[in-house]
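1. Everything below, folded, please.
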Amino acid sequence: MNDMTSTDSSAGLLSGKVALVTGAGRGIGAAAARLFAREGARVLLASRTETELQGVVEDIRSCDGVADYVVCDLGDGGSVRSAVAAAVDVYGRLDVAFNNGATGQPPGPMDELSEDDFDRVCAVNLKGPWLAMNAEIAAIRATSKRGAIVNTSSVGALMANPALPAYGATKRALNSLTASAAVTYGPENIRINAVAPGTTLTEMLREWDETSPGTIDHLNSQTPLGRAAEPEEIAQAAAWLLSDRASYVTGTVLRVDGGMWAG
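-> Presented below is the predicted three-dimensional model:
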């Protein structure tokens with residue numbers, strides 16, 4: 001059996017790997033950073049809010065995990081490239097990356113969204129992962145030589161999304177970018193996938209529910225499992241895709257949605 005498929009079931013899912021997580025200060029990103037560290041990775045956390053990053057890093061270190069952080073604006077190319085470079089500077093390599101950072105939009109019809117809000121959503125949710133993937137691929141090439149990247153999409157990108165039209169559009173474009181990158185860099189043993197969360201109990205969702213009361217209950221009524229996901233449930237899917245146990249999976253958008261879009 002070759003080294004791409006041999007795994008030690010007693011080892012952590014990401015044992016020995018250096019992982020970068022964007023949007024790591026809260027929600028799915030924070031859950032992923034904690035999980036990746038428990039699964040044996042040395043983790044570099046990146047997001048805009050230093051106090052949030054510090055809190056997550058302290059949590060990881062208190063459990064004997066290895067973590068550090070860098071403040072990063074996903075809409076700024078220099079900031080993104082510096083964050084990826086920091087992973088190599090701190091740990092000497094980059095093996096895997098979870099491009100989870102995103103921003104929402106004020107819910108409502110397309111014609112009620114301001115141009116500034118549209119530009120911000122596009123800059124963070126589409127340009128941000130594009131910038132990150134470019135830098136991450138270069139770092140993987142220069143250090144570990146093979147690796148994996150996971151982008152956070154959304155089930156809201158899989159069909160019409162009248163409540164969040166710009167958000168859905170950027171996530172659908174990210175699915176296309178993920179597939180294109182998977183085909184381009186597969187020959188270099190760099191796998192690129194996406195997770196598409198369904199209703200997940202993040203700060204972004206809770207803010208939407210406060211603006212439009214009943215949103216979470218309505219979404220849960222459309223979900224066969226009848227509930228929203230905890231952020232760690234999404235992180236678990238990302239961890240598997242980044243691990244060598246998913247060694248033959250690339251170019252996939254994995255729905256983690258409680259069956260919302262089944263069929």
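2. Tell me the helices and strands packed up against the strand ranked longest in the chain.
-> Using DSSP state E, we find that the single longest strand of the chain is strand 190-197. When contacts are defined as 3 or more C-beta pairs under 8 Å, 6 or more residues apart in numbering; DSSP states H and E, strand 190-197 packs onto helix 128-142, strand 147-152, helix 165-185, helix 231-242, strand 253-256. No exception for glycine: its C-beta is placed from N, CA and C like everyone else's.
3. most packed of those?
-> Sort the helices and strands packed on strand 190-197 by mean neighbour count, taking mean count of other C-beta atoms under 10 Å, and strand 147-152 sits at the top with a mean of 27.
4. Show me what that strand is packed up against.
-> strand 96-99, helix 128-142, helix 165-185, strand 190-197, helix 231-242.
5. Give the burial count for residue 11, as a bare number.
-> Residue 11 has 12 neighbours, counted by other C-beta atoms under 10 Å.
6. which residues sit in contact with it?
-> With contacts defined as C-beta atoms under 8 Å, 6 or more residues apart in numbering, residue 11 is in contact with residue 40.
7. How about the one 5 residues further on?
-> By C-beta under 8 Å, 6+ apart, the residues touching residue 16 are residue 40.
8. can we see that at 10 Å?
-> 40, 41, 42, 95, 244 (C-beta atoms under 10 Å, 6 or more residues apart in numbering).
9. which residues does the third one form a beta bridge with?
-> When bridges are assigned using DSSP bridges, the partners listed for residue 42 are residue 18, residue 66.
10. Over to the one 4 residues further on?
-> Each beta-bridge partner of residue 46 is listed here: residue 22, residue 70, as defined by DSSP bridges.
11. in terms of contact, does it touch residue 76 like I think?
-> No: taking contacts as C-beta atoms under 10 Å, residue 46 lies outside contact range of residue 76: 11.9 Å.
12. Now for the two: what residues contact both?
-> With C-beta under 10 Å, 6+ apart as the test, residue 46 and residue 76 both reach residue 82.
13. ok, and the closest non-adjacent residue to residue 12?
-> Closest residue in space to residue 12, ignoring its immediate chain neighbours: residue 40 at 2.9 Å, by C-beta to C-beta, 6 or more residues apart in numbering.
14. what does residue 138 give?
-> Per C-beta to C-beta, 6+ apart, closest to residue 138 is residue 84, 7.8 Å.
15. ok, and what's touching the following helix or strand past the longest strand of the chain?
-> Later in the chain than strand 190-197, the nearest helix or strand by DSSP states H and E is helix 203-211. The contact list for helix 203-211, computed with C-beta under 10 Å, 6+ apart, reads 25-28, 30, 102-108, 163-164, 167, 197, 199, 201-202, 215-219, 228-229, 231.
16. Which members of the residues you listed are classed as buried?
-> 25-28, 30, 102-105, 107, 164, 167, 197, 199, 201-202, 215-216, 219, 228-229, 231 (16 or more other C-beta atoms under 10 Å).
17. what's the weakest-modelled helix or strand in this structure?
-> Within the chain, no helix or strand scores below helix 203-211, which has a mean of 80 by mean pLDDT, DSSP states H and E.
18. Report the angle between that helix and helix 231-242.
-> Orientation of helix 203-211 against helix 231-242 (axes from the mean of the first three to the mean of the last three C-alpha atoms, to 10 degrees) gives an angle of 140 degrees.
19. Using PDB, write down the CA coordinates of helix 203-211.
-> Extracted as PDB, the C-alpha positions of helix 203-211 are listed here (Å, rounded to 0.1, in the frame of the first residue of the first chain):
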ATOM      1  CA  GLU A 203     -22.700  34.500  15.000                       C
ATOM      2  CA  MET A 204     -23.600  35.400  11.400                       C
ATOM      3  CA  LEU A 205     -26.700  33.200  11.500                       C
ATOM      4  CA  ARG A 206     -27.700  34.400  14.900                       C
ATOM      5  CA  GLU A 207     -27.400  38.000  13.700                       C
ATOM      6  CA  TRP A 208     -29.700  37.200  10.700                       C
ATOM      7  CA  ASP A 209     -32.200  35.600  13.100                       C
ATOM      8  CA  GLU A 210     -32.200  38.700  15.200                       C
ATOM      9  CA  THR A 211     -32.900  40.800  12.100                       C
END
